[in-house]
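Chemist: Sequence first, predicted model second:
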Amino acid sequence: MSNRILVTGGAGFLGSHLCERLLSEGHEVICLDNFGSGQRDNIKELEKLSTFTVIDRDVRLTGSLPSVDRIYHLASRASPADFTDFPVNIALANTQGTQRLLDHSRACDARMVFASTSEVYGDPEVHPQPETYTGNVNIRGIRGCYDESKRFGETLTVAYQRKFDLDTRTVRIFNTYGPRMRPNDGRVIPTFVTQAVRGDDLTIYGDGEQTRSFCYVEDLIEGLVSLMRVEGPEYDVYNIGKENEHTIKELAQEVLNLTDTESGIVHEPLPEDDPSQRRPDISRAKAELNWEPEISLREGLNKTIEQFKRNMNSV
Ligand code: UDP
């Protein structure tokens, strides 16, 4: 059955991949984006389709929205590099923006997926992180605008679900990478790949012993779609991410190996509140959504490096 689907943040990295996937399945897609971090270029092929519409507007702003059957709320800057310059936009996209969408979901009786984040776990003291872990977040820290607003976004989503019996689900997205990340996004994979392709030294923050688990975008999108699709899921929140954990040092070495570069490594200070470890427990998603990531870090990095090289050659 084809649906009418609203994707907020639809011109962003994850949003544009999601729109593409939904259109390929025959759905009608409405992309809401203010092009803050989203890029017109990401959706230029999609804009040729009659089943794709763009609304150029901030998710926080009122204004009529089309009636839809499904809503994915992805709109928010997500790079730690943006937390310093855009703290208010970020805090409000995930709170005020989420309220707007929950009201809209109520008005048109749409099923809604709220995109939360592994950042709700902060610098985790439980490892790996199951959905039941309540986290260790510095509410006043530099990451607070993102972490706390996603936490409140979850709370609000649950509140609407309880009060109004809305069909809502929340996905906690762990580190994801792939083509279409902005080279200057600030996150580690686009930064390392850009540096390696240019022959610049890779900037490891701190000693590089901090860990992350990196999920390739295609796997992530499959997880999002599976969560939206499932009827009456047993839980209303699911971790989606890759289980294999790597130190940032190992990641830097892998990028160097795969890019055949003269680049070396330099160390820079570790940003405030940078989590020392992160790895999802995805047993819930495996059991209930019948989902697990399939693409290895090497395969995903190769695809990402290829696209970054192509883009850099074309400018
Ligand atoms: N990082 C790094 N060099 C960079 C960018 C990031 O060493 O040029 C580190 C960062 O300190 C963190 C990890 O890589 O420990 C992942 O950072 P990212 O910003 O991608 O996402 P996070 O998981 O921190 O939200």
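Modeler: Yep, that arrived.
Chemist: Identify the residues contacting the residue of the stretch 1-150 of the chain at minimum distance from the ligand.
Modeler: Residue nearest to the ligand within the stretch 1-150 of the chain: residue 80 (4.4 Å; CB to the nearest ligand atom). For the C-beta atoms, the positions are set from N, CA and C on the backbone; glycine is no exception. Going by CB atoms under 8 Å, 6 or more residues apart in numbering, residue 80 touches 142-143, 146, 186-187, 271, 274.
Chemist: Now with 10 Å, please.
Modeler: By CB atoms under 10 Å, 6 or more residues apart in numbering, residue 80 lies in contact with 119, 142-143, 146, 185-188, 205, 271-274.
Chemist: now residue 205
Modeler: Going by CB under 10 Å, 6+ apart, residue 205 touches 80, 188, 191, 248, 267-271, 274.
Chemist: Is it bridged to anything, and to what?
Modeler: residue 268 (DSSP bridges).
Chemist: how about the residues of the chain near the ligand?
Modeler: Contact residues (CB under 6 Å from any ligand atom) of the chain with the ligand: 80, 175, 187-188, 191, 203-205, 210, 212, 248, 270-271, 274.
Chemist: how about 5 Å then?
Modeler: 80, 187-188, 191, 203-205, 210, 248, 274 (CB under 5 Å from any ligand atom).
Chemist: tell me the least confident of the residues you listed?
Modeler: Among these, residue 80 has the lowest pLDDT, at 94.
Chemist: if I look at residue 185, how far off is residue 42?
Modeler: Look at residue 185 and residue 42: by CB to CB, to the nearest Å, they are 12 Å apart.
Chemist: Overlap in contacts, the two.
Modeler: Shared contacts of residue 185 and residue 42, counting by CB under 10 Å, 6+ apart, come down to residue 13.
Chemist: ok, and the helix or strand in this structure with the lowest average confidence?
Modeler: Using mean pLDDT, DSSP states H and E, the weakest-scoring helix or strand in the chain turns out to be helix 297-314, at a mean of 94.
Chemist: quick one: contacts of that helix?
Modeler: With CB under 10 Å, 6+ apart as the contact definition, helix 297-314 has outside contacts at 41, 176-181, 183, 189-190, 192-194, 196-198, 213-219, 242, 244, 246, 250-251, 254-255, 257-260, 293, 295-296.
Chemist: Kindly recompute the last result at 7 Å.
Modeler: 177-179, 183, 189, 193-194, 197, 214, 216, 244, 246, 254-255, 258-259 (CB atoms under 7 Å, 6 or more residues apart in numbering).
Chemist: what are the ranges of the helices in the chain?
Modeler: In the chain, the helices defined using DSSP state H lie at 13-24, 87-93, 96-108, 144-164, 188-198, 217-229, 248-259, 283-284, 297-314.
Chemist: can you list those in CSV and add mean neighbour count?
Modeler: Shown next, in CSV, are these (neighbours: other CB atoms under 10 Å):
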stretch, mean neighbour count
helix 13-24, 22
helix 87-93, 20
helix 96-108, 20
helix 144-164, 20
helix 188-198, 22
helix 217-229, 20
helix 248-259, 18
helix 283-284, 17
helix 297-314, 15
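Chemist: Quick check: bridge partners of residue 212?
Modeler: Applying DSSP bridges, one finds that residue 212 bridges with residue 246.
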